[in-house]
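Visitor: Output the structure for:
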Amino acid sequence: MTVLRLIHGTAALVAAGSLALTLGTGLADRGDALAFGVLIAVGELARWNDAQARQAAPLGAAGSLSYALLGADDGRPSQHDAAQVVTVVLVAALLGAVPHIWSGRGATGDHLARRVLTVGFAAVCFQPLYNAGVFASWSGPAYALLLLTLLALTCLCGAVLAAALAHCRTGWPFGPLLREELRGLLGIGSAVVATGAVMALAVAVVGLWALPVFCLPLLLVQLSLHRYAAVRATYRQTIASLARATEIAGCTPAGHARRVAALSVAVGRDLGLTRPELTVLEYAALMHDIGQLSLVDPVPAGATAGLPAAEQRRIALLGGAVVRQTGVDPAVAVVVERQAESCPGQPVAARIVRAVNAYEEKSREAGPEGPLRALEELRLGTAGDYAPEVVESLGRVLAQAQGARGRMPVRRTGLSDPAPGWVTHG
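Guide: Here you go, the predicted structure:
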């Protein structure tokens, strides 16, 4: 939490200092400030709150970066400084964030802190040098390359901040989070950078009329991402409904698939899986018991971890066949099929599902000491049944969950009594 307070404190100091300087010197180029402020506010209003969205407000981000790197308006050199850029972006972002703050949606504080720091970085790198005439002789491709370079550096800073904020909020490893953010720059991040550079160059040549023209493509991209997010949510709900078929049929206890999926994703995060890998892992964990629907005689309480290895493999293969018929990603079917294999030859996702499912089954309805005994049994089975790195990761995840609840550690494992349903996946 020290890093989180440092980021928020730095953003607050930058915002307060910029606001004080702007109020003291007055607002320069008010037409530019108003036009970009409206654009940023509209972009923030259109922001959507999706946990998997790398850039929740691409239009607002592009407008902010464009204003930070604005050197001229219709051939007339601009007069604003870096402090004014931060002030205008902050005020516009706050106005656009009012509905989100009012409804309590999204991490608005983290979003604003990241926006202030990234825009401040870009403005400080560009505006003082431009106002001093350093770039007066730069033109054509050289000037465009300069803007793209500054925008790329700003996006890298934004990725580091986003990964640090996510690490502080979730406790997930910083390295995989940073890799995901950097990988995301090739998608919507590249569109934001290109739009920001084009708008800054276009306004310098033709004036503020360039803003509505060049922001339209990014707005259409944002609407497309809205639809994609809705389709993805519907797809996940469909898979969750299929997974509940085993519960409705009485093959597995209620909530078992959700608990295994939630804990599997947490372990996958701890082991550094990428976002696509986590998606496959989640879907496979939700559907890992679906093969029991093909059994003539149901398994008592749906507990497959205690069955003979041959029977486990048979149920897993039946489950993989069912998954393939549903049209789900074939990678999910592979994980479901291979969850019953010995750990040396398993994919990482299959190892995770196997260990987490066994933990959930062994700790279920076993009293206060059940979770602790279940984890110890998994550790004893790391010689061949369960992957040692997965079991240790599971122990860390459970310990973090207990630490978040403020419980004292128990024995040498560092765990107290984590309930089998320690987390649900909404």
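Visitor: what's the following helix or strand after whatever helix or strand Ala316 lives in?
Guide: Assigned by DSSP states H and E, Ala316 belongs to helix 309-325. The C-terminal neighbour of helix 309-325 among helices and strands, as given by DSSP H and E, is helix 330-338.
Visitor: elements contacting that following helix?
Guide: Using 3 or more C-beta pairs under 8 Å, 6 or more residues apart in numbering; DSSP states H and E, the elements in contact with helix 330-338 are helix 275-286, helix 309-325, helix 348-363. Quick note: C-beta positions are derived from backbone N, CA and C, even for glycine.
Visitor: quick one: low-confidence parts of the stretch 251-400 of the chain?
Guide: The stretch 251-400 of the chain contains residues with pLDDT under 70 at 365-368, 382-383.
Visitor: just to revisit the earlier point, in the helix holding Ala316, what counts as buried?
Guide: If you call a residue buried by 16 or more other C-beta atoms under 10 Å, then helix 309-325 has these buried ones: 312-320, 322-323.
Visitor: Output that helix as PDB, nothing but the C-alphas.
Guide: As requested, the backbone C-alpha atoms of helix 309-325 are provided in PDB (Å, rounded to 0.1, in the frame of the first residue of the first chain):
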ATOM      1  CA  ALA A 309      -6.700 -42.900 -11.900                       C
ATOM      2  CA  ALA A 310      -8.300 -44.800 -14.800                       C
ATOM      3  CA  GLU A 311     -11.800 -43.600 -13.800                       C
ATOM      4  CA  GLN A 312     -10.600 -40.000 -13.400                       C
ATOM      5  CA  ARG A 313      -9.200 -40.100 -16.900                       C
ATOM      6  CA  ARG A 314     -12.400 -41.600 -18.300                       C
ATOM      7  CA  ILE A 315     -14.500 -38.900 -16.800                       C
ATOM      8  CA  ALA A 316     -12.100 -36.200 -18.000                       C
ATOM      9  CA  LEU A 317     -12.200 -37.500 -21.600                       C
ATOM     10  CA  LEU A 318     -16.000 -37.600 -21.400                       C
ATOM     11  CA  GLY A 319     -15.900 -34.000 -20.200                       C
ATOM     12  CA  GLY A 320     -13.600 -32.900 -23.000                       C
ATOM     13  CA  ALA A 321     -15.900 -34.500 -25.600                       C
ATOM     14  CA  VAL A 322     -18.900 -32.600 -24.200                       C
ATOM     15  CA  VAL A 323     -16.900 -29.300 -24.200                       C
ATOM     16  CA  ARG A 324     -15.900 -29.800 -27.800                       C
ATOM     17  CA  GLN A 325     -19.600 -30.200 -28.800                       C
END
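Visitor: Please work out the angle formed by the directions of it and helix 330-338.
Guide: Interaxial angle, helix 309-325 versus helix 330-338 (axes from the mean of the first three to the mean of the last three C-alpha atoms, to 10 degrees): 160 degrees.
Visitor: what sits up against helix 309-325?
Guide: Identification of contacts with helix 309-325 by C-beta atoms under 8 Å, 6 or more residues apart in numbering yields 287-295, 299, 304-305, 307, 330, 332-334, 336-341.
Visitor: what does stretch 125-139 give?
Guide: Stretch 125-139 is contacted from outside by 68-69, 71, 79-82, 85, 143, 146, 150, 153-154, using C-beta under 8 Å, 6+ apart.
Visitor: hang on, the earlier thing: what's the ChimeraX syntax to select whichever of the contacts of helix 309-325 are buried?
Guide: Those of those that count as buried under 16+ other C-beta under 10 Å are selected in ChimeraX with:
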select :287,288,289,290,291,292,293,299,304,305,332,333,334,336,337,338,339,340,341
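Visitor: circling back to that earlier point, indicate which one of the helices and strands packed on helix 330-338 is closest to Gly9.
Guide: Across those, Gly9 has its closest neighbour in helix 275-286 (29.5 Å, C-beta to C-beta).
Visitor: contact partners of the closest one?
Guide: By C-beta under 8 Å, 6+ apart, helix 275-286 touches 52, 180, 236, 239-240, 242-243, 257-258, 260-261, 264-265, 268-269, 273, 328-329, 331-332, 335-336, 339, 348-350, 352-353, 356-357, 425.
Visitor: Correct me if wrong: Cys267 contacts Leu394.
Guide: Heads up, residue 267 is Val, not Cys. Yes. If you go by C-beta atoms under 8 Å, Val267 and Leu394 touch, sitting 5.4 Å apart.
Visitor: just to revisit the earlier point, tell me the angle of the helix holding Ala316 relative to helix 275-286?
Guide: If you take the same axes, to 10 degrees, helix 309-325 sits at 120 degrees to helix 275-286.
Visitor: is it true that Thr149 lies in a strand?
Guide: No. The assignment for Thr149 by DSSP: H, G, I helix; E, B strand; the rest coil gives helix, which leaves it out of any strand.
Visitor: what's the burial count for it?
Guide: Close neighbours of Thr149, defined as other C-beta atoms under 10 Å, add up to 12.
Visitor: Mind pulling up the pLDDT for it?
Guide: The model reports Thr149 with a pLDDT of 90.
Visitor: Nothing else from me, thank you.
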